[in-house]
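J.: Sharing a model that was predicted from the sequence below.
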Amino acid sequence: LRDADARIDAELSDLPLAAAQMRVTIGESLSALGRLPEGIDALERGVEQLRALGDPARRELARSLHTLASRQLTASRVDEAIATSEDALRQFDTLGEPVSLDRLAAMTVVARALGMRNRLDEQRVLYRRILADRTQLLGPNDSRLAVDWNNLGAAALQSDDYAEAEESYRQALRTIVLPPAAPESRQAWLHAGLGVVYANSWRFDEADTSLAQAQELAERLLGPDHPLLGAIAVGQANVRNLQGRFAEAETFANRAIALYAPIDHIDRFSADIQIGFAYLGQQRFEEAATAFREARQRALAVRGEDEPMSWIAVAGEGLAQVRAGDAIGLLAMQRSIDVLDAHSDWPQRARVRVLGLLV
């Protein structure tokens, strides 16, 4: 791929549209292989080549902007992803396509980014609109609706609406096998989502079963280094921390970090939080404080002060200090409670977890 990227300008100089399309394809492929910085660089260059071609390349430009936005989001460049998606939507508007599958894909990136900025009500409204529009295009029994049900499930989960989350994931599992049947690998995300629903509902046996199903599918069909396995491992670590099985939780959290670290994944901080809890449970207070501190820093870098989970990290570091004999940590714990109390519109999962640390 790198070799092809270096040869494009020389060998396709008389075919500028093909050269731009090839560069976008190379960028997308490098990103899929976990080479995000290189992939994004190639995508950005391909997008600018398409932009320079004007109207004949406008549809390809709109699609490529969506691809770039999706990769920017994976690389924690949230504001850039929002701006790029909005650019893609403007291009689709110019094409006169108020509803199309490509346009819905760009809208989905915007919705994902809204969730990362904790604008959860707006996110759920947008996801419902996307589902309605895709249903209008494809009918109610098309496997491609599964992506929207999955997204609704994830959004409901963020808002602590576990009943809607479970129903949405089950609708996704129902539709994903309908014609035209989606690849079996897509089911891994749905089982992972159900696992998180069950864990947060304290249904640990069901959580373990769903997460194990997700892990088997992902390892068999997506490969041993796929980032989804990091999210699954975070879920497995969380279940074990909640059960007091701290050594096992450490193993799963380390697995997630090993998968997330090489690609600077946007959810790396969630793995740091889990390993912090695992260290706390094993009375390794200095290591716990460090893990929570790093989780807080990463959460701030990618999601800002409005990420509720970052306040779990603040409280966790405070508790580690208290357990090590430094009462100053109580101030950090109280600060976390004060912030979470002041934001009643935020999901209550973080507040419940911090209150649990005070017991």
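T.: Noted; the coordinates are in hand.

J.: Buried residues of stretch 32-42, list them for me.
T.: Going by neighbour count (16 or more other CB atoms under 10 Å), the buried part of stretch 32-42 is Gly34, Arg35, Leu36, Glu38, Gly39, Ile40, Ala42. All C-beta atoms are positioned from the backbone trio N, CA, C, and that covers glycine.

J.: make that stretch 293-310, sorry
T.: Neighbour counts using 16+ other CB under 10 Å place Arg293, Glu294, Ala295, Arg296, Arg298, Ala299, Val302, Arg303, Glu307, Pro308, Met309, Ser310 of stretch 293-310 among the buried residues.

J.: Now render the buried residues of stretch 32-42 as JSON lines, adding pLDDT.
T.: Shown next, in JSON lines, are those (pLDDT from 0 to 100):
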{"residue": "Gly34", "pLDDT": "76"}
{"residue": "Arg35", "pLDDT": "85"}
{"residue": "Leu36", "pLDDT": "88"}
{"residue": "Glu38", "pLDDT": "94"}
{"residue": "Gly39", "pLDDT": "95"}
{"residue": "Ile40", "pLDDT": "96"}
{"residue": "Ala42", "pLDDT": "96"}
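
J.: Among those residues, which one lies nearest to Leu259?
T.: Distance to Leu259, by CB to CB, is smallest for Gly34 among the buried residues of stretch 32-42, at 9.5 Å.

J.: How far away from the center of its chain is stretch 51-71?
T.: Here the centre of stretch 51-71 is set off from its chain's centre by 23 Å, with CA atoms, centre = their mean, to the nearest Å.

J.: returning to what we had before: from the buried residues of stretch 293-310, which land in helices?
T.: Arg293, Glu294, Ala295, Arg296, Arg298, Ala299, Val302, Arg303, Pro308, Met309, Ser310 (DSSP state H).

J.: So among those, where is pLDDT lowest?
T.: pLDDT is lowest at Arg303 among those; the value there is 77.

J.: which of the buried residues of stretch 32-42 sit farthest apart?
T.: The span of those, defined through CB to CB, is set by Gly34 and Ala42 at 14.2 Å.

J.: follow-up on the earlier one: export the buried residues of stretch 293-310 to CSV and tack on distance to Val24?
T.: Shown next, in CSV, are the buried residues of stretch 293-310 (distance: CB to CB, whole Å):
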residue, distance to Val24
Arg293, 39
Glu294, 35
Ala295, 35
Arg296, 36
Arg298, 30
Ala299, 32
Val302, 25
Arg303, 28
Glu307, 32
Pro308, 36
Met309, 34
Ser310, 35
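
J.: Nearest to Arg58 among those?
T.: Taking CB to CB as the measure, Arg58 lies nearest Val302 of the buried residues of stretch 293-310, at 31.8 Å.

J.: need the contact list for the closest residue to the closest one other than its chain neighbours.
T.: In space, and not counting its chain neighbours, Val302 is closest to Ser76: 4.1 Å by CB to CB, 6 or more residues apart in numbering. By CB atoms under 8 Å, 6 or more residues apart in numbering, the residues touching Ser76 are Asp264, His265, Ile266, Ala301, Val302.
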